[in-house]
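A.B. asks: predicted structure and sequence below. I'll ask about it afterward.
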Amino acid sequence: MNPSKIDVLLIEDNPGDVHLVKTLLAQSNQANNSPSLIHLTHTEKLNSAQTLLATKPYDLVLMDLSLPDAHGLDSFLEINKFQPTVPIVILSSHTDHETAIQAVQLGAQDYLSKDDLSANMLVKTIHHTIERHRLLLEISQRASELETQNLALNDFAHTVAHQIQGLLSQMVGYASLVDSHYQEQLSVPARQAVDQIMQSGYKMNNVITELLFLSSMRSENIQVGELDNRRILTEVLKRLRYQIRETDAKITMPSQWPSALGYAPWVEEVWLNYISNGLKYGGNDEKPPILKLGAKSEGNGMVRFWVVDNGPGIAPADQKRLFKPHTRLTSKKIRGEGLGLSIVWRIVEKCGGQVGVDSQEGVGSCFWFTLPEKQT
């Protein structure tokens, strides 16, 4: 847009309203001592407006919604569809204010009442609308660029993470080989070093797995099906085996689980977060963590799953903040450092369930989530 000239297309079939707009713009141009500041082109019909828009770039369209060849919202929709990059301001009478508001809801930038129109109002609306539309286009373009960059970064992260996992598997594999076949030949410090390598390797693999999981949550097409919680929990406990050993934790669970629906890789992360938090914050200096896993049908088409721990419990004020992103509690027992539980909330919500916690200070906590029950 040339800053010294604004090209406006007026679509209006009422001679009196056309004269009013021209007069107000002339007054404004004279007041600004710039006769060419706003240049107005006028047409009475929608068809001729489309011809003009196809042959010349306009900065803004002023239009009435009642035209000889179109009426109401159809007038706006036709012009907006024909030239979507040009901002449109509706000129309305008292009788079609509601229609003008609907047009704004559908994409028009603004509307002006002909009965209350003034030179100052008209010119300000033209300038503000053009600038606002320009900013919106810039934001849209920037958002598109950021989306492209995010996709590229996501691909890069996946590639790097998988390469790291491959190298990590080799490292842990060789450490496991040494541990299995040469343990008798190693000194005590050497055996401890090998064990530490294996523990750190498995923990690092868990971190990478969760990072890959996070990056795929937005784009992954999930296939919801019946969950095999025994298999899921076997994998979870395998991933947490060093943490379980370090804490000397006791974990109990039922032999049978109610049939529920969900996306197994995501539900595995829910169990992983709940159980790892229970291992980290359950128990105390005198007794190890004791976790009780369970589930039951609620009778309303949902199944509730839970992890009960023997930790210090959580204050009521902190319970309300647990599943919010980036929450850090003020107590020494920080639950999941915010991120893990916010992921749990997102996963379960996407699977059609809810999350929550029941806790009493000094007694322990019960972290639960629900999933749709499989109907027989």
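C.D. replies: It's in. Numbering: from 1, shown residues only.
A.B. asks: switch to C-alpha atoms for all contacts and neighbour counts from now on
C.D. replies: Noted.
A.B. asks: apart from its neighbours in sequence, what residue is nearest Asp64?
C.D. replies: Excluding its sequence neighbours, the residue lying closest to Asp64 (Cα to Cα, 6 or more residues apart in numbering) is Leu91, at 5.0 Å.
A.B. asks: okay, the spatially most distant residue from the centre of the chain: pLDDT?
C.D. replies: Most distant from the centre of the chain: Gln185, at 54.0 Å, with distances by Cα atoms, centre = their mean. Looking at Gln185, its pLDDT reads 86.
A.B. asks: quick check: the gap between it and Met171.
C.D. replies: Separation of Gln185 from Met171 (Cα to Cα, to the nearest Å): 20 Å.
A.B. asks: tell me the bridge partners for the residue nearest to Asp64.
C.D. replies: Asp64, Leu112 (DSSP bridges).
A.B. asks: and for it, the neighbour number?
C.D. replies: Neighbourhood size, Leu91 [other Cα atoms under 10 Å]: 24.
A.B. asks: just checking, it touches Tyr111?
C.D. replies: Yes - if you go by Cα atoms under 8 Å, Leu91 and Tyr111 touch, sitting 5.8 Å apart.
A.B. asks: common neighbours of these two, please.
C.D. replies: Ala100 (Cα atoms under 8 Å, 6 or more residues apart in numbering).
A.B. asks: how about Ala264, what does it touch?
C.D. replies: Counted by Cα under 8 Å, 6+ apart, Ala264 has contacts 224-225, 227-228, 232.
A.B. asks: can we see that at 7 Å?
C.D. replies: Ala264 makes contact with Leu227, according to Cα atoms under 7 Å, 6 or more residues apart in numbering.
A.B. asks: confidence score at the closest residue to Leu37 other than its chain neighbours?
C.D. replies: In space, and not counting its chain neighbours, Leu37 is closest to Lys5: 4.6 Å by Cα to Cα, 6+ apart. With respect to pLDDT, Lys5 scores 83.
A.B. asks: same thing with Lys320?
C.D. replies: At Lys320, pLDDT is 78.
A.B. asks: part of a helix, is Trp306?
C.D. replies: No - looking at Trp306 with DSSP: H, G, I helix; E, B strand; the rest coil, it is strand, so not inside a helix.
A.B. asks: now it: closest residue in space, sequence neighbours ignored.
C.D. replies: Trp368 (4.1 Å).
A.B. asks: check Ala249 too.
C.D. replies: Pro289 (4.8 Å).
A.B. asks: what are the buried residues along the strand or helix carrying Asn277?
C.D. replies: If you go by DSSP states H and E, Asn277 is part of helix 264-281. By 16 or more other Cα atoms under 10 Å, the buried positions in helix 264-281 come out as 264, 266-281.
A.B. asks: again with stretch 195-212
C.D. replies: 195, 197-199, 201-203, 205-206, 208, 212.
A.B. asks: among those residues, name the ones in helices.
C.D. replies: 195, 197-199, 201-203, 205-206, 208, 212 (DSSP state H).
A.B. asks: quick one: which of these is nearest Leu60?
C.D. replies: Leu212 (46.7 Å; Cα to Cα).
A.B. asks: leaving aside the residues next to it on the chain, what's closest to that closest one?
C.D. replies: His158 is the one closest to Leu212 (Cα to Cα, 6+ apart), at 6.5 Å.
A.B. asks: what is the neighbour count of the one you found?
C.D. replies: Using other Cα under 10 Å as the criterion, the residues surrounding His158 number 18.
A.B. asks: and it, which helix or strand is it part of?
C.D. replies: Applying DSSP H and E, one finds His158 within helix 119-181.
A.B. asks: helices or strands next to that helix in the packing?
C.D. replies: Contacts defined by 3 or more Cα pairs under 7 Å, 6 or more residues apart in numbering; DSSP states H and E place helix 119-181 against helix 15-31, helix 188-217.
A.B. asks: low-confidence regions, the chain specifically.
C.D. replies: 1-4, 31-36, 94-95, 210, 213-221, 325-339 (pLDDT under 70).
A.B. asks: per-domain residue ranges of it.
C.D. replies: The chain breaks down into these domains under automatic domain parsing: 6-117, 224-372.
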